[in-house]
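[1] Pasted the sequence and its predicted model underneath.
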Amino acid sequence: MLTRFNHVAIVVPDLEKAKRKYKDILQANVSEINDYEEHGVSVVFVEIGGTKIELMHPYGEDSPIKNFLDKNMNGAIHHICLEVKDINETAKDLKKKNVRILGDGIPKNGAHNKPVIFLHPKDFFGTLIELEQE
């Protein structure tokens, strides 16, 4: 089912400051800030070999990560992202295994413009898992 680790996502209180820290101090390859209004997040990707760190900040008043940042004012790890070959088949298989998929359970395009679903953290030991089609 799983094919590759894609990224770890960290919610940060100041995206520009976090971007500079990874770029200037750690000398990482860092993307520009991208706003995803439909997801309510602003994002920067830090490229490390074949994987990434996703730095996220709320975008707009209805951001789904606003409450998370309110509870973790200094920032914190939000989720991990794992790749799968076929997101629709994976979703069907997980539902049969009583794994809860957040939202309506239908894959939506994520920050990489690929279909994603999120698995309920209570089903995976407190970890929010994003599955992304490779």
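    Perfect, I can see it now.
[2] Strands of the chain, start to end?
    Under the criterion DSSP state E, the chain contains strands at 2-11, 29-30, 34-36, 41-48, 51-58, 76-84, 108-109, 115-119, 129-133.
[3] and the ones you listed, which one's lowest on average pLDDT?
    For the strands of the chain, mean pLDDT drops lowest on strand 108-109, to a mean of 92.
[4] List of residues touching that strand?
    115-117 (Cβ atoms under 8 Å, 6 or more residues apart in numbering). Quick note: C-beta positions are derived from backbone N, CA and C, even for glycine.
[5] Turn the strands of the chain into CSV, including distance to Lys21.
    Listed next are the strands of the chain as CSV, based on distance: least, Cβ to Cβ, whole Å:
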stretch, distance to Lys21
strand 2-11, 11
strand 29-30, 9
strand 34-36, 18
strand 41-48, 10
strand 51-58, 9
strand 76-84, 16
strand 108-109, 29
strand 115-119, 27
strand 129-133, 24
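[6] So what's the gap between stretch 45-61 and the chain middle?
    8 Å (Cα atoms, centre = their mean, to the nearest Å).
[7] Can you give me the first-to-last residue distance of that stretch?
    22 Å (Cα to Cα, to the nearest Å).
[8] List the buried residues of it.
    Across stretch 45-61, burial judged by 16 or more other Cβ atoms under 10 Å covers 45-46, 52-59.
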